[in-house]
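A.B. asks: quick one: sequence and predicted model below, then my questions.
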Amino acid sequence: MRKQKAARTQSKNRRGDEQLSSREERRSEVQSADRVASAMGAACFLSGLPVRKNDEVVAEIVGIGHNGEGVGRYQGFTLFIAGALPGEKVLTRVVKLKKQFGYGKLVEVVEASPDRVAPPCSIYSQCGGCQLQHLGYEAQLRVKRQLVVDNLERIGKLSVRGAVGEADTAVNAEHNGSVAGNGAADRGTAGGLPERDAQNGVIEYVANKEAPERSAQDETLKVEESKGRTEFDCCVPERDAHNQAPEPSARIHAEGSAESAEEPEQFESGVYVHPTIGMDNPWRYRNKAQVPIGEQEGGLVGGFYAQSSHRIIDMKECLIQHEQNDQVVAKVKHIAGELGIRAYDEKTGRGLLRHVIAKYGFATGEIMIVLVTNGKQIPKQDELVGLLRRDVPGVVSICQNINTDKTNVIFGPTTRVLWGSEAIRDAIGDVQFLISARSFYQVNPVQTETLYNQALDYAQLTGEETVIDAYCGIGTISLFLAKRAKEVYGVEIVKEAIADARRNAELNDIRNVSFQTGPAEEVIPAWREQGIQPDVIVVDPPRKGCDEALLDTILVMRPAHVVYVSCNPSTLARDLRVLEDGGYRTVEVQPVDMFPHTTHVESVTKIQRIDT
């Protein structure tokens, strides 16, 4: 009886297995048929395009994409071509095709732009740090202004005074990738605002969902944003020979003339976007280097990632980085290599030294070295520290950050001082700052002073105002504001930054400023309940833009003026649309070139309540 029952059970299980197998086979057949149909459909669709993969065609370049690639047109079809510039005709080989656009490899410049220059960096064609060294500096400034204009018009639906028009963007480069260039505008793709995205800030219109792929550099920025602030991890320039900031009267604008920018007389006809404020010397401006370390041919290498990869390009110097930072990186590579310290391998998770961070105080000459390691123990640590102290003049701090996670986020949770002080000092204008290993601090101090002075100007302070500084970081803007306001309140979600902000206020003996840790959208309403009513709110958000709840809070608190400091034109435009719909008017925008030879642009926007 038991044998018969077992046999029936086995038979039933076999039938079940056979049925399951049959269902899986049918599902596999359906999926395979779907894939074939999809491929046939794609082939059918692509067969109607004017180009095929590996074709060589002459394209006209009408703009610049968000990675600095030329935006080309061939028989109405868009090709993104690295190295090409607006106004050029280039011979390009088609290397990749998508539904609405493709990618081309530059073969030959048939007709060159008058703005084309020879890039001075010997590894420019390999490194992903800079994107625009082959474009003359005055032209870079024009492109960056146009990038701001394009986003204000396309995403913000704002009218811009004197806008020269944007490139015909049948396909726009990702969330921050509007195409800057010439040509007719094409903004009617979809009505209304693009939706938000928790990671990138903006989702493009449906017609623009497929877009140029991000580089490895972009991915690093996106990951670092999760810490609340973003710095551009590209190599970077200095002040003049005497380490002096340029006089305001000598600031360069996109027109290439000394500053005497036209002042807007009436704003009713649209937003006034000023020419981009550039640098007298757009080289050697960066005060911080973040360099990944690897191994090649048995030795340590350090530099920046090749475009669209995690392959490290070794470098001896970076022309946008201060020379002192170049020297620090070179010394660490040499000394660590001599001591037998191995580099971290992100594929295996083995090895020790992941990154070298060098920070330089332009105003003080003080240097900090941070070694990011895959573990706490450093072989021959005392010898390493001693040699760095001997070989790096000006070093006052050597720190270790421990990051044992398999991630491309640079910093781990633990930082300790190996020798010296926990912070270096620097100054912007007459305000001093203490900068620790994890502090967010603008990487271009020359242009930061310009940026903050513009924010002060737009705040229109008389000494009687109450000001709230959202996303205050270590208090850089707050302390500038406090010198002209009655009271300043700063809020920041990163508790370490608030600790630095309080120290910086004490360092400068500024007593009319207070700082609190927490989300701005929660802290500011609590201040309101305490009777704090701001006359001005200043926001300086990360690339993802302002939190929706913060924008709602601003609309509830209704300050007379809002000053928006932005590092991302697309999220700026998105947020301006919200404020405009809530009873505010965008008056004027001042782009500032914080990162010469890259595609990034900062800006300061003056916004006022419509009944003021």
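C.D. replies: Sure, I can see it. The structure presented is a predicted model; accordingly, all values stated were derived computationally and were not measured.
A.B. asks: would you map the strands across the stretch 201-350 of the chain?
C.D. replies: Here the stretch 201-350 of the chain has its strands, by DSSP state E, counting those that start in this stretch, at 271-273, 288-296, 299-305, 312-314.
A.B. asks: can I get the second one in CSV, CA atoms only?
C.D. replies: Below are the C-alpha coordinates for strand 288-296, written out as CSV (Å, rounded to 0.1, in the frame of the first residue of the first chain):
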residue,chain,number,x,y,z
LYS,A,288,41.6,70.8,-3.5
ALA,A,289,42.6,67.6,-5.3
GLN,A,290,40.8,64.2,-4.9
VAL,A,291,42.9,61.7,-6.7
PRO,A,292,42.2,57.9,-7.0
ILE,A,293,45.3,55.7,-6.5
GLY,A,294,46.0,52.6,-8.5
GLU,A,295,48.9,50.3,-9.6
GLN,A,296,50.4,50.0,-13.1
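A.B. asks: what's it packed up against?
C.D. replies: Other helices and strands packing on strand 288-296, by 3 or more C-beta pairs under 8 Å, 6 or more residues apart in numbering; DSSP states H and E, are strand 299-305, strand 312-314, helix 323-338, strand 353-360. C-beta: built from backbone N, CA, C; applies to glycine.
A.B. asks: given that strand, what are its sheet partners and their directions?
C.D. replies: Strand 288-296 has its sheet partners listed here by DSSP bridges as strand 299-305 (antiparallel), strand 353-360 (antiparallel).
A.B. asks: equivalent analysis for the first one, please.
C.D. replies: According to DSSP bridges, strand 271-273 has the following sheet partners: strand 160-161 (parallel), strand 584-592 (parallel).
A.B. asks: could you do the last one as well?
C.D. replies: Within its sheet, and counting by DSSP bridges, strand 312-314 is paired with strand 299-305 (antiparallel).
A.B. asks: can you give me the mean pLDDT across the partner strand?
C.D. replies: Here strand 299-305 scores 91 as its mean pLDDT.
A.B. asks: picking that back up, dump the helices and strands packed on strand 288-296 into a markdown table; add distance to Phe101 as well.
C.D. replies: Below are those laid out as a markdown table (distance: least, C-beta to C-beta, whole Å):
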| stretch | distance to Phe101 |
| --- | --- |
| strand 299-305 | 24 |
| strand 312-314 | 28 |
| helix 323-338 | 38 |
| strand 353-360 | 35 |
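A.B. asks: and for the spatially closest residue to Ala289 that is not a sequence neighbour, the neighbour number?
C.D. replies: Nearest non-adjacent residue to Ala289, counting by C-beta to C-beta, 6 or more residues apart in numbering: Asn325, 4.1 Å away. Asn325 has 28 neighbours, counted by other C-beta atoms under 10 Å.
A.B. asks: surely Asn325 touches Arg286?
C.D. replies: Yes - at 7.0 Å, Asn325 counts as touching Arg286 under the criterion of C-beta atoms under 8 Å.
A.B. asks: report the set of residues contacting both of these two.
C.D. replies: Cys318 (C-beta atoms under 8 Å, 6 or more residues apart in numbering).
A.B. asks: please pull out the lowest mean pLDDT helix or strand from this protein.
C.D. replies: helix 216-225 (a mean of 36; mean pLDDT, DSSP states H and E).
A.B. asks: before we move on, back to that, which one of the strands paired with strand 288-296 is the most hemmed in?
C.D. replies: Most buried of these by mean neighbour count (mean count of other C-beta atoms under 10 Å) is strand 353-360; its value is a mean of 25.
A.B. asks: and the contacts of it?
C.D. replies: Contacts of strand 353-360 (C-beta under 8 Å, 6+ apart): 287-293, 300, 302, 322, 324-325, 328-329, 332-333, 336, 341-344, 366-374, 394, 401, 403, 410, 424, 435, 437, 441.
A.B. asks: now with 7 Å?
C.D. replies: Residues outside strand 353-360 that contact it (C-beta atoms under 7 Å, 6 or more residues apart in numbering) are 287-293, 302, 322, 324-325, 328-329, 332, 336, 341, 343-344, 367-374, 403, 410, 424, 435.
A.B. asks: next, the angle helix 323-338 makes with that strand.
C.D. replies: Relative orientation of strand 353-360 and helix 323-338, computed by axes from the mean of the first three to the mean of the last three C-alpha atoms, to 10 degrees: 150 degrees.
A.B. asks: the next helix or strand after strand 353-360 vs helix 323-338, what angle?
C.D. replies: On the C-terminal side of strand 353-360, the nearest following helix or strand under DSSP states H and E is strand 367-373. Interaxial angle of strand 367-373 relative to helix 323-338 (the same axes, to 10 degrees): 40 degrees.
A.B. asks: please identify the buried residues of strand 367-373?
C.D. replies: Ile367, Met368, Ile369, Val370, Leu371, Val372, Thr373 (16 or more other C-beta atoms under 10 Å).
A.B. asks: just send those residues back as JSON lines, with pLDDT too.
C.D. replies: Putting the buried residues of strand 367-373 into JSON lines (pLDDT from 0 to 100) gives the following:
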{"residue": "Ile367", "pLDDT": "98"}
{"residue": "Met368", "pLDDT": "98"}
{"residue": "Ile369", "pLDDT": "98"}
{"residue": "Val370", "pLDDT": "98"}
{"residue": "Leu371", "pLDDT": "98"}
{"residue": "Val372", "pLDDT": "98"}
{"residue": "Thr373", "pLDDT": "98"}
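A.B. asks: which one among those residues gets closest to Ala306?
C.D. replies: The closest of the buried residues of strand 367-373 to Ala306 turns out to be Val372 (C-beta to C-beta; 20.5 Å).
A.B. asks: among the buried residues of strand 367-373, find me the one that's closest to Tyr74.
C.D. replies: The closest of the buried residues of strand 367-373 to Tyr74 turns out to be Val372 (C-beta to C-beta; 45.1 Å).
A.B. asks: now tabulate the strands of the stretch 201-350 of the chain in TSV and tack on distance to Gly531.
C.D. replies: Listed next are the strands of the stretch 201-350 of the chain as TSV, based on distance: least, C-beta to C-beta, whole Å:
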stretch	distance to Gly531
strand 271-273	34
strand 288-296	40
strand 299-305	50
strand 312-314	55
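A.B. asks: TSV please, covering the buried residues of strand 367-373 and showing distance to Tyr471.
C.D. replies: Below are these laid out as TSV (distance: C-beta to C-beta, whole Å):
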residue	distance to Tyr471
Ile367	28
Met368	24
Ile369	28
Val370	23
Leu371	29
Val372	25
Thr373	30
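A.B. asks: of all those residues, which two lie farthest apart?
C.D. replies: Ile367 and Thr373 (19.2 Å).
A.B. asks: low-confidence ranges, the stretch 351-500 of the chain, go.
C.D. replies: Applying pLDDT under 70 to the stretch 351-500 of the chain flags no residue at all.
A.B. asks: what's the answer for the chain, then?
C.D. replies: Using pLDDT under 70, the flagged stretches of the chain are 1-47, 162-268.
A.B. asks: 50 instead?
C.D. replies: Within the chain, the ranges that satisfy pLDDT under 50 run 12, 20, 23, 26-27, 29-30, 33-34, 36-45, 164-178, 182-263, 265-267.
A.B. asks: between the buried residues of strand 367-373, which sits nearest Leu479?
C.D. replies: For the buried residues of strand 367-373, the nearest to Leu479 is Met368 (20.7 Å; C-beta to C-beta).
A.B. asks: wait, the closest one touches Asn401, no?
C.D. replies: No - look at Met368 against Asn401 with C-beta atoms under 7 Å: they stay out of range, at 11.5 Å.
A.B. asks: what is in contact with those two at once?
C.D. replies: Ala437.
A.B. asks: about what we covered before: right, and the strands of the stretch 201-350 of the chain - which one's nearest Gly83?
C.D. replies: Across the strands of the stretch 201-350 of the chain, the minimum distance to Gly83, taken as C-beta to C-beta, is reached by strand 312-314, at 16.7 Å.
A.B. asks: residues making contact with that closest one?
C.D. replies: With contact meaning C-beta under 7 Å, 6+ apart, strand 312-314 is reached by Ile123, Gln126, Cys127, Pro292, Gly294, Gln296, Val301, Gly302, Gly303, Phe304, Tyr305, Ala306.
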